[in-house]
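Trainee: my questions concern the predicted model and sequence given below.
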Amino acid sequence: MAGFRARVEEDGTVSDSPMKKVLGGIEFTVTFIDPWTPRDKQTIGDHGGLMVYAGGDDFWFAGHGITVTMRGVDGPPLVGIDIAEEGMFDEKGRWLVGRRLNGDQTHQGRHIRLPPGQFQIQKVRFYRYR
């Protein structure tokens, strides 16, 4: 499991530098500026998320205002998105699928996007290739 948030310095300056983390043999790069939302409409200091490795090629992502890209560090170097779906957990902890995301939402399988100001949970299965 890994958490990410744009760092806010003691003087209030927001550092929007990307962060990296390796989980399940995949290196994830998390950025905090959403390229599809005008920068003046974003509160970057509030952007952040959580990534949970569920085993195999399955991961959970939750949060808002982050874009996550990935590359393989064990095995094949290229990583794509096989299945990505939005959803939520019910009161009994069961995953309820909202909508399946396609190439428009995942940039043809190249990233996970949790838009600013819209808390989301996404369940994602990756595949690896050369």
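Mentor: Received it, and whenever you're ready, just let me know what you need. Numbers count the residues shown, from 1 in each chain.
Trainee: quickly note the distance from the nearest residue to residue 52 once chain neighbours are set aside to residue 16.
Mentor: With sequence-adjacent residues excluded and distances taken as CB to CB, 6 or more residues apart in numbering, residue 52 is closest to residue 60, at 4.2 Å. (Glycine included, C-beta is placed from N, CA and C.) According to CB to CB, to the nearest Å, residue 60 and residue 16 sit 24 Å apart.
Trainee: please apply the same query to residue 70.
Mentor: 20 Å.
Trainee: please say which of these two ends up with more neighbours.
Mentor: Higher neighbour count among residue 70 and residue 16: residue 70, with 23 against 14, using other CB atoms under 10 Å.
Trainee: go ahead and confirm the more buried one touches residue 30.
Mentor: No - contact criterion CB atoms under 8 Å: residue 70 and residue 30 do not qualify, at 10.1 Å.
Trainee: shaky segments in the protein?
Mentor: For the chain, no stretch has pLDDT under 70.
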